[in-house]
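Asker: Provided below for reference: sequence and predicted model.
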Amino acid sequence: MILRPALLFLSLVPVAALAKDSCLECHTALESAPALKFPKDVHQRRGFSCADCHGGDRNADDQDAAMSKAKGFRGKIARTAVPQLCAHCHSDANLMHKYMPQQRVDQHELFQTSVHGKRLAAGDGAAANCVDCHSVHDIREVKDPQSPVHPLRLPETCARCHADAAHMAKYKIPTNQFEEYRKSVHWAALAQRGDLSAPSCASCHGNHGATPPQVSSVTAVCGNCHALVEDLYGKSPHQPAFAALGKAGCVTCHGNHGVLMPSVAMLAGDKAVCVQCHDTGSAGGKAAVEMAGLINGLGAALKNSDQVLRRAASSGMEVSEAMLRQQEAQAALVKARVAVHAFRVAAVSQPVQAGLAAAAETRRAGEEALKERDYRRMGLAVALLAILATMVGLWLALRTIERPPEAPVEAGRR
Amino acid sequence: MKGIEAKTGGLRGWLEERLGLSAISEFLAHKTVPVHSGTAWYYFGGITLFLFVIQVLTGILLLLYYRPTATEAYESVQFIMTRVQFGWLVRSIHSWSANLMIFTAFVHMFSVVFLRSYRKPREVTWLSGIALLCPALGFGFSGYLLPWNTISYFATKVGTDMAASLPGIGPALARFLRGGEDVGGATLTRFFGFHVAVLPGLTTLLLLVHLVLVQKQGISSPPWVERKFQGQGGKVPQMPFFPNFFLREMMAWYAALGVLGSLAAIFPWELGEKADPFASAPAGIRPEWYFLAPFYTLKLIPSHVLFLEGELLGLLGFGLLAAFWILLPFWATNRQGMERTRLVTGAGVALLAYLATFSLLGYFK
């Protein structure tokens, strides 16, 4: 009975604290970099030792016995052998279930379909393997902000190779993706706003099965997040036209890595993308200008009504209902911008008309509130005058009451 | 003309026979008010009463549309402010007059202290005045929640949490105030009941006692004024209450009405956003200005001081301070009957400085 609490305590102590690890003991004493990094590694914290990857006997005190080939010691792992080694555990559903039941076990399978995996299998040791992205000897969970594959750090991790011109020279692919991505609206959302759901490299290319999206699949990739736009584009006249021309949907107008904040300027004006294919005088060119006009018109109307409402609100007027309606008008503007992807003036016109009607309503409400404010102030001025007049009257009455009685006038002195 | 006079006289006679009006006019004819350099401070009691009457009247008007349920309270106040003719003015005047009333009540209280009006035989008048301050603050606390907006909801949570930290009765008191374990619809209904039934009844009763005592004891003159005129062999100059003082008081009421109307029209009382009990408390939650000083003090006290919880220590401190202040007329004179003038002035100035400083800090920090 006395032993039970002690056993319970021992069962709670992490395995790593109890199990002998002669590899770590010696290599730490030798101040070798991998051993010094290893305590931060998620594997070490879960009880794994150097020997689980490198082979050998963690329990042997003798150096030769610990690193004996008879005990399976493999030494430094060849770069091309790393994925297979990691997969030994990470593809084992039963083993992974003990540590991370929610973790997928198909990473190696996916990796083999990736450009990285294929090159590595072909013997290209320069191609990325697991440790190039996840680090080695200090591997952290993906959700750990210090992990190189945490969403906030992933673009920089990919850029370590993909922005390195020397490293990429033999693959003959551009190295400006990261530079472009850092100008994009996606990077702004991820890095500046800290929105972890914002797309980074893996969101479009995949992670373990990393491959550039094909021309035919770009729309579907973007549509993962921009579902409504994908739907509108799929039904639009541009879809078959782009397919016939071999153009890759969304990226034709928006670019790929450097996707900028879309604006009406993309439809008409100097920076318009439509004019790349449509003459300004053509039906397509005219439709683009018309759509831009509609959206600009709604934007201006909203700005105007917003100013009026804010002026009324800052004067203390109760305009919360109109503010709510104004939000509906703002939503109509968003809908109109999305509707551009139907590439039909009528599709844009519909939300624009709804938005204009709402903006007119809110502007009217704001103007009425301002009129009411002026009316109130006028009423106040009249009331204050009346109050002042009454106070003066009271003061005069007091003066009359408190005036000392006049001395009686003697007869005949006048 | 003769006929009308006869008729008026007849009516007056009829009323006199039944109501004894001449006793009132007789009383008014003989009632006087001291005239000295501090006479102006006497107006603040009347202004406080005037603002209370305004609140009763505007409160009755608000009752025509207000609905005291968590689902309808906010919307009904919004309806009053946007749809009801002059509803915005009524609500704004109600809220501003509540705040001005607390302010003038404090001015009245401190003027009583500094003019030494609490002295024998007016100790009970002082106690009835202090007792009146309690329902006045209660009106503020209960009324703050009634629009059911975010700020008022969370401020009420903080306020009732403070009550819960009192030793012994705290949890039961908080449950009683909230009508449950947390601030919710039951709290709103309960606070509405306090605001429109319990507190008005209590205030009217205490007000009657206070006014009767003021009439019975008359209006006090400061000791230095009494000494000055006693030295000159005469009494303190007096003015008739009616019409001289009454007309001046009327002017003060009109001035208060002007200030109240201006505040209501230029700075209409905001409604804010509807309370969401499931949302997290927004930043900058604070109670009404007259609770800011104790609120900020409690924020400054560490969570634990020796073996006591900080909040409890703060509340005990406030309790002792309140007891000290309530009993002012009884310690303001020593056993030999000498007045502790410096002590009273020091305590008054210190309390005023504390309230002003901590209220400002609580507002701006």
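Answerer: Sure, I can see it.
Asker: Can you tell me the SS state at residue A:207?
Answerer: Each residue gets one of three states, and residue A:207 gets coil by DSSP: H, G, I helix; E, B strand; the rest coil.
Asker: And the one 4 residues further on, by the same measure?
Answerer: Counting by three-state DSSP, the backbone at residue A:211 sits in coil.
Asker: where in the chain is pLDDT low?
Answerer: This is for chain A. Residue ranges of chain A with pLDDT under 70: A:1-19, A:408-414.
Asker: right idea, wrong chain: chain B
Answerer: B:1-9.
Asker: what number of residues lie near the residue nearest to residue A:294 when sequence neighbours are not counted?
Answerer: Nearest residue to residue A:294, sequence neighbours excluded (C-beta to C-beta, 6 or more residues apart in numbering or on different chains): residue A:352, at 4.4 Å. C-beta coordinates here come from the backbone N, C-alpha and C atoms, glycine included. For residue A:352, the count of nearby residues is 26 (other C-beta atoms under 10 Å in any protein chain shown).
Asker: My read is that residue A:352 contacts residue A:334, right?
Answerer: No - the pair formed by residue A:352 and residue A:334 falls short of the contact definition of C-beta atoms under 8 Å, at 11.5 Å.
Asker: Which strand or helix spans residue 247?
Answerer: Answering for chain A, as no chain was given. When elements are assigned from DSSP states H and E, residue A:247 belongs to no helix and no strand.
Asker: To clarify, I was referring to chain B.
Answerer: Assigned by DSSP H and E, residue B:247 belongs to helix B:246-266.
Asker: hmm, who's touching the helix or strand just after that helix?
Answerer: Counting by DSSP H and E, the next helix or strand C-terminal to helix B:246-266 is helix B:292-300. Counting by C-beta atoms under 8 Å, 6 or more residues apart in numbering or on different chains, the neighbours of helix B:292-300 from elsewhere in the structure are B:158, B:162, B:286-287, B:310-311, B:314-315, B:318, B:354-355, B:358-359, B:361-363, B:365.
Asker: Quick check: next helix or strand after helix B:292-300?
Answerer: The first helix or strand that comes after helix B:292-300 along the chain, using DSSP H and E, is strand B:304-305.
Asker: Now tell me what touches that following strand from outside.
Answerer: Residues contacting strand B:304-305 (C-beta under 8 Å, 6+ apart): B:310, B:313.
Asker: what lines up beside the next helix or strand after that strand in the sheet?
Answerer: Helices and strands here follow DSSP H and E; after strand B:304-305, the next one along the chain is strand B:308-309. Under the criterion DSSP bridges, strand B:308-309 sits next to strand B:304-305 (antiparallel) in its sheet.
Asker: Quick check: phi and psi on residue B:32?
Answerer: The phi and psi torsions at residue B:32 (degrees, to the nearest 10) take the values phi -130, psi 160.
Asker: Which elements pack onto the helix holding residue B:247?
Answerer: helix A:345-402, helix B:43-63, helix B:87-114 (3 or more C-beta pairs under 8 Å, 6 or more residues apart in numbering or on different chains; DSSP states H and E).
Asker: ok, the second one near chain A or not?
Answerer: No - for a cut-off given as C-beta under 8 Å from any C-beta of the partner chain, helix B:43-63 has no contacts with chain A; the smallest distance is 13.2 Å.
Asker: And the next helix or strand past that helix?
Answerer: Taking DSSP H and E as the definition, the helix or strand that follows helix B:43-63 towards the C-terminus is helix B:73-82.
Asker: Tell me which residues are up against that following helix.
Answerer: Residues from elsewhere that reach helix B:73-82, judged by C-beta under 8 Å, 6+ apart: A:318, A:320-321, B:62, B:65-67, B:87-88, B:90-91, B:146-149, B:188, B:268, B:271, B:274-275.
Asker: Just the buried residues out of those, in PyMOL syntax.
Answerer: Burial among these is assessed by 16 or more other C-beta atoms under 10 Å in any protein chain shown; the matching PyMOL selection reads:
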select buried, (chain A and resi 318+320) or (chain B and resi 62+66+87+88+90+91+146+147+148+149+188+268+271+274+275)
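Asker: residues of stretch A:216-227 that come out buried?
Answerer: By 16+ other C-beta under 10 Å, the buried positions in stretch A:216-227 come out as A:218, A:219, A:221, A:222, A:223, A:226.
Asker: which of those lies closest to residue A:407?
Answerer: residue A:226 (98.9 Å; C-beta to C-beta).
Asker: What is the burial count for residue B:222?
Answerer: Residue B:222 is flanked by 19 other residues according to other C-beta under 10 Å.
Asker: Get me the contact residues on chain A for chain B.
Answerer: Looking at chain B, the residues of chain A close enough under C-beta under 8 Å from any C-beta are A:316-318, A:320-321, A:376-377, A:379-380, A:383-384, A:387-388, A:390-391, A:394-395, A:397-398, A:401-402.
Asker: what's the strand or helix carrying residue B:27 packed up against?
Answerer: Under the criterion of DSSP H and E, residue B:27 resides in helix B:21-30. Contact analysis of helix B:21-30 by 3+ C-beta pairs under 8 Å, 6+ apart lists helix B:2-19 as its packing neighbours.
Asker: If we use 10 Å, what do you get?
Answerer: helix B:2-19, strand B:238-240 (3 or more C-beta pairs under 10 Å, 6 or more residues apart in numbering or on different chains; DSSP states H and E).
Asker: any idea of the angle it forms with helix B:246-266?
Answerer: Angle between the axes of helix B:21-30 and helix B:246-266 is 90 degrees (criterion: axes from the mean of the first three to the mean of the last three C-alpha atoms, to 10 degrees).
Asker: Give me the contact list for helix B:21-30.
Answerer: B:12, B:15, B:16, B:20, B:215, B:240, B:241, B:242, B:243, B:246 (C-beta atoms under 10 Å, 6 or more residues apart in numbering or on different chains).
Asker: dump the residue contacts of residue B:190.
Answerer: With contacts taken as C-beta under 10 Å, 6+ apart, residue B:190 has the following neighbours: B:68, B:142, B:145, B:176, B:177, B:178, B:179, B:180, B:198.
Asker: which stretch of helix or strand covers the fourth one?
Answerer: If you go by DSSP H and E, residue B:176 is part of helix B:170-178.
Asker: residue contacts, residue 262?
Answerer: Defaulting to chain A. The neighbourhood of residue A:262, defined by C-beta under 10 Å, 6+ apart, consists of A:185, A:229, A:253, A:254, A:273, A:337, A:338, A:340, A:341.
Asker: you looked at the wrong chain, it should be chain B
Answerer: Contacts of residue B:262 (C-beta under 10 Å, 6+ apart): A:377, A:380, A:381, A:383, A:384, A:387, B:96.
Asker: The closest residue to the second one other than its chain neighbours: neighbouring residues, count only.
Answerer: Taking C-beta to C-beta, 6+ apart as the measure, residue A:380 lies nearest to residue B:265, with 4.0 Å between them; neighbours along the chain are not counted. Taking other C-beta under 10 Å as the neighbour definition, residue B:265 ends up with a count of 24.
Asker: repeat for residue A:111
Answerer: The criterion is other C-beta under 10 Å. On that basis, residue A:111 has 23 neighbouring residues.
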